[in-house]
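Trainee: Curious how this folds, go ahead:
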Amino acid sequence: MTRTVVIAGVGPGLGASIARTFVAEGCRVGLFARSEDYLEELATELGDDALAVPTDVTDPDQVAAGFREVRDTFGPVDVLVNHASGGAWSGLRDITPDEFERAWRVGAYGGLLCSQAAVDDMLADDGDGGTIIFTGATSSVRGRGGALGFSGAKFAVRGMAESMARELGPDGIHVAHVVIDGQIETPSVREAHPNRDSEEYLDPDAIADTYWHLVTQDRSAWTLEADVRPYVEEF
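Mentor: Next up is the predicted model:
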């Protein structure tokens, strides 16, 4: 089965790994992010089954236009990965209202806009349902000190995923939330810590395999929340 996928919030690391994995599995993938140059580079690497769609997920008009472009090119959307997040790495006394709102807008509000844009395709009479995946973090379940905006936004995303799962599940749409409990080994992380043991990091390609598993799960055993973390001996 060929699926049309939108990944909202693609960058080096996990976003790119998800795109590569889904294309390798035969999907056609729309890549959303604000960085046009990076998207074009990744789309060129992935070939004809990838489409670069420069999009600010906090802008309703850009999101609507982005989904139209994906539909016109690849057809109705079957899978949405809400991967965008905004970092606001300040505590209560230092964070500004604008920083707090920005973190919420990228993660929660952007996830709302993209989910609303995708869900009608998944509910279509001739469709087979669909999958919506939200990327979470340790801060989705345990608020992080000194990161009020990020933690607040990630808690909001988790609540959205749980609510949507119960709303949309009866209609054949699988909504799942993935807790990324650890640091992902991205190119910038490897460059910053060249001597650190790679086993302490999460492999983005391995996480992407988990996302693909969520897409292909049988409806009789859907996962609501997946928790991925690097193995440590004392765990």
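
Trainee: From now on I want contacts and neighbour counts done on CA atoms only, so please keep to that.
Mentor: OK.

Trainee: Sketch out the low-pLDDT regions of the chain for me.
Mentor: For the chain, the stretches flagged by pLDDT under 70 are 125-127, 186-199, 231-235.

Trainee: Can you show me the helices along it?
Mentor: For the chain, the helices defined by DSSP state H cover 14-24, 36-46, 60-74, 97-104, 110-123, 148-168, 187-192, 204-216.

Trainee: How about the contacts made by Gly86?
Mentor: Residues near Gly86 by C-alpha atoms under 8 Å, 6 or more residues apart in numbering: Arg102, Ala103, Trp104, Arg105, Val106, Gly107, Phe150.

Trainee: Setting aside sequence neighbours, what's the nearest residue to the third one?
Mentor: This means Trp104. Taking C-alpha to C-alpha, 6 or more residues apart in numbering as the measure, Trp104 lies nearest to Ala153, with 4.7 Å between them; neighbours along the chain are not counted.

Trainee: again with the second one
Mentor: Setting aside the residues directly before and after it, Ala103 is nearest to Gly86 in space (C-alpha to C-alpha, 6+ apart), at 4.2 Å.

Trainee: Am I right that the residue nearest to Trp104 is in contact with Tyr109?
Mentor: No: in this structure, Ala153 is not within contact of Tyr109 by C-alpha atoms under 8 Å, at 9.2 Å.

Trainee: of these two, who's got more company?
Mentor: Taking neighbours as other C-alpha atoms under 10 Å, Ala153 and Tyr109 compare with Ala153 leading, 28 against 21.

Trainee: tell me the contacts of the more buried one?
Mentor: Under the criterion of C-alpha under 8 Å, 6+ apart, the contact partners of Ala153 comprise Ala103, Trp104, Gly107, Ala108.

Trainee: what do you get for Ile173?
Mentor: Contacts for Ile173 were tallied using C-alpha under 8 Å, 6+ apart; they are Met122, Leu123, Gly129, Gly130, Thr131, Ile132, Ala165.

Trainee: Nice, that's everything, thank you.
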